[in-house]
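A.B. asks: any chance you could fold what I've pasted below:
(chains A and B)
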Amino acid sequence: AQTVTQSQPEMSVQEAETVTLSCTYDTSESDYYLFWYKQPPSRQMILVIRQEAYKQQNATENRFSVNFQKAAKSFSLKISDSQLGDAAMYFCAYRSAIRGNTPLVFGKGTRLSVIA
Amino acid sequence: GAGVSQSPSNKVTEKGKDVELRCDPISGHTALYWYRQRLGQGLEFLIYFQGNSAPDKSGLPSDRFSAERTGESVSTLTIQRTQQEDSAVYLCASRLTVYTGELFFGEGSRLTVL
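C.D. replies: Okay, the predicted model is just below:
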């Protein structure tokens, strides 16, 4: 079974600075998708960024980018120019592309605080 | 609807009572998922529905948990004889199908069992 590990329960960053959230995963599959979700106090999970494993290029969405290291099974999220609205729980998630109907597997999350 | 809608937003119940949680997915989304999020934990998969196919119940933690969905409409998650360990946020999500489309989440139902 696939597992996703987020080793940082909490992180903090100064406003306008850069922070990196770590995620590692375990799988024997070669084709899969990785995701970062943001969960603000409203509880609604919001997709931040997505990476297809077959793509070598790291995904980028505005201030959010990932460092995808397939051999190391590492998928970190970098938030540049942090804003107060970035404060939230961040979850890393995995989904098989081979068994496309399997649900997402989530890590335990990292709580990010942004200091003004 | 415009988004995934869940009700109630918060529910407090006594141990041993039954509870029903409702999820109204995005119109046209054939796949619907239920997840449980305990305090300080990630999301645990409970069950998913895909159209009229048999649901995948592999994540349900015990026979006290059940869920129904009629066609591609509303789903109800039922927890019978609630226990304190059932206290959690129950999140519902929907997708176009189990194979395609982004996953959209509702705001969850927070269940507290006293």
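
A.B. asks: low-scoring stretches of chain B, by residue?
C.D. replies: Scanning chain B for pLDDT under 70 picks out B:1.

A.B. asks: what residues does it put near chain A?
C.D. replies: Residues of chain B lying close to chain A (Cβ under 8 Å from any Cβ of the partner chain) are B:33, B:35, B:40-43, B:45, B:48, B:50, B:56, B:59, B:89, B:91, B:93, B:98-99, B:102-103, B:105-108, B:110. The way it works is simple: take the backbone N, C-alpha and C, and place the C-beta from them, glycine included.

A.B. asks: now do the SS call for the most centrally placed residue in chain A.
C.D. replies: Central residue of chain A (Cα atoms, centre = their mean): A:Trp36, 3.1 Å from the mean position. Here A:Trp36 is strand, with the state taken from DSSP: H, G, I helix; E, B strand; the rest coil.

A.B. asks: bridged to it, which residues?
C.D. replies: Beta bridges link A:Trp36 to A:Ile49, A:Cys92, judged by DSSP bridges.

A.B. asks: any idea how far it lies from B:Asp86?
C.D. replies: 28 Å (Cβ to Cβ, to the nearest Å).

A.B. asks: how much space between the most centrally placed residue in chain B and B:Gly108?
C.D. replies: When chain B is reduced to its mean C-alpha position, the closest residue under Cα atoms, centre = their mean turns out to be B:Trp34, at 3.3 Å. Going from B:Trp34 to B:Gly108 by Cβ to Cβ gives 10 Å.

A.B. asks: so what sits against both of these two?
C.D. replies: By the contact definition Cβ atoms under 8 Å, 6 or more residues apart in numbering or on different chains, B:Trp34 and B:Gly108 are jointly contacted by B:Tyr90, B:Leu91, B:Cys92.

A.B. asks: what sits against the nearest residue to A:Arg63 once chain neighbours are set aside?
C.D. replies: Closest residue to A:Arg63 apart from its sequence neighbours, by Cβ to Cβ, 6 or more residues apart in numbering or on different chains: A:Ser80 at 4.7 Å. For A:Ser80, the contacting residues are A:Thr18, A:Arg63, A:Phe64, A:Ser65, by Cβ under 8 Å, 6+ apart.

A.B. asks: just these now: which is nearest B:Gly28?
C.D. replies: A:Phe64 (28.2 Å; Cβ to Cβ).

A.B. asks: quick one on the thing from earlier: pretty sure the residue nearest to the centre of chain A contacts A:Tyr90?
C.D. replies: Yes. Using Cβ atoms under 8 Å, A:Trp36 is in contact with A:Tyr90, at 6.1 Å.
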